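Visitor: below is the structure, and that's it, no one-letter string:
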């Protein structure tokens, strides 16, 4: 099976812009979680989508949003970008239907906000 | 509330020597604990997990972890380190009430020197 794919791998934006990141989970996995990784804060949970519905949410402002499509692909959107949004954004897929907890991570999207 | 702590930012070990990467946890309810490894410019890879059962859990690449309830620890171990084990290691705990919400430690950089 193909692994988790994320596009694009690198992005450079300026403050105030918005950005959309994409994640395609492993075939058959219907759960997609998003994380923000920064040197100072480590890995922080953003949200999880399962069956096109947000199931869990972390402590991030409303500028961070997401959605999931019927084919389980997920997008994450960040509006009104701030310098502090510069980070590696990771998505992970899980086979929630089988009750399995292991998360399979994609390579991440490196976002730089100037 | 759930949380994990990795008290060491960095661990240095010589190739062939045993290694230990420490993790302590705080949970309400039974702990679901995980270890992940991250290589440069890559996403996280699942190593092993503890849900229930034997306190010694065996995982990928020769790693194992020991669950100690009285000390609330879940240390990662390997009997003989390889240079290729050099990477960033994360301990994580699953939120008791949310199937796919994880809390990650700050990460420990493992350096294995030849």
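Guide: That came in fine, so what should we check first? A quick note: this is a predicted structure, and the numbers were derived from the prediction, not measured.
Visitor: per-residue pLDDT, residue 10?
Guide: Since no chain was named, I'll use chain A. Looking at residue A:10, its pLDDT is 96.
Visitor: hmm, I had chain B in mind actually
Guide: For residue B:10, the predicted pLDDT is 96.
Visitor: hmm, residue B:107 and it touching each other?
Guide: No: counting by CB atoms under 8 Å, residue B:10 stays clear of residue B:107, with 9.8 Å between them. Any C-beta I mention is one placed from the backbone N, CA and C, and that applies to glycine too.
Visitor: neighbour count: these two, which is higher?
Guide: When neighbours are counted by other CB atoms under 10 Å in any protein chain shown, residue B:10 and residue B:107 differ, and residue B:107 comes out ahead with 23 against 10.
Visitor: I figured that one hits residue B:88, correct?
Guide: Yes: assessed by CB under 8 Å, residue B:107 is found in contact with residue B:88 at 5.0 Å.
Visitor: and the residue of chain A closest to chain B?
Guide: Going by CB to the nearest CB, chain B is nearest to residue A:105 of chain A, at 3.3 Å.
Visitor: chain A contacts on chain B?
Guide: B:32, B:34, B:36, B:41-46, B:49, B:51, B:90, B:94-95, B:98-107 (CB under 8 Å from any CB of the partner chain).
Visitor: and these, which are buried?
Guide: The neighbour count (16 or more other CB atoms under 10 Å in any protein chain shown) marks B:32, B:34, B:36, B:43-44, B:46, B:49, B:90, B:94-95, B:99-107 as buried among the residues of chain B next to chain A.
Visitor: and those residues, which of them are in strands?
Guide: B:34, B:36, B:44, B:46, B:49, B:90, B:94, B:102-104 (DSSP state E).
Visitor: now, the most widely separated pair of the residues you listed?
Guide: Greatest spacing in these, by CB to CB: B:46 and B:103 (15.9 Å).
Visitor: below-threshold pLDDT in the chain: ranges please.
Guide: You didn't pick a chain, so chain A it is. Flagging of chain A using pLDDT under 70 yields the residue ranges A:1.
Visitor: my bad, the chain I had in mind was chain B
Guide: Confidence mapping of chain B against pLDDT under 70 gives the ranges B:96.
Visitor: try it again at 80.
Guide: Chain B contains residues with pLDDT under 80 at B:1, B:29, B:41, B:95-100.
Visitor: that one: strands as residue ranges?
Guide: So, for chain B - with DSSP E - the strands run B:3-5, B:10-14, B:19-21, B:24-26, B:33-38, B:44-50, B:56-58, B:64-68, B:73-78, B:87-94, B:102-104, B:108-113.
Visitor: so for the last one, what gets flagged as buried?
Guide: Taking 16+ other CB under 10 Å as the basis for neighbour counts, the residues of strand B:108-113 that come out buried are B:108, B:110, B:112.
Visitor: doesn't residue B:8 make contact with the first one?
Guide: Yes: with contacts defined as CB under 8 Å, residue B:108 counts as touching residue B:8 at a distance of 5.2 Å.
Visitor: between those two, what contacts are shared?
Guide: Here residue B:108 and residue B:8 have B:21-22 as joint contacts, going by CB atoms under 8 Å, 6 or more residues apart in numbering or on different chains.
Visitor: quick check: residues of chain A near chain B?
Guide: A:4, A:31, A:33, A:35, A:42-45, A:48, A:50, A:55-56, A:58, A:90, A:92, A:94, A:96, A:101-108.
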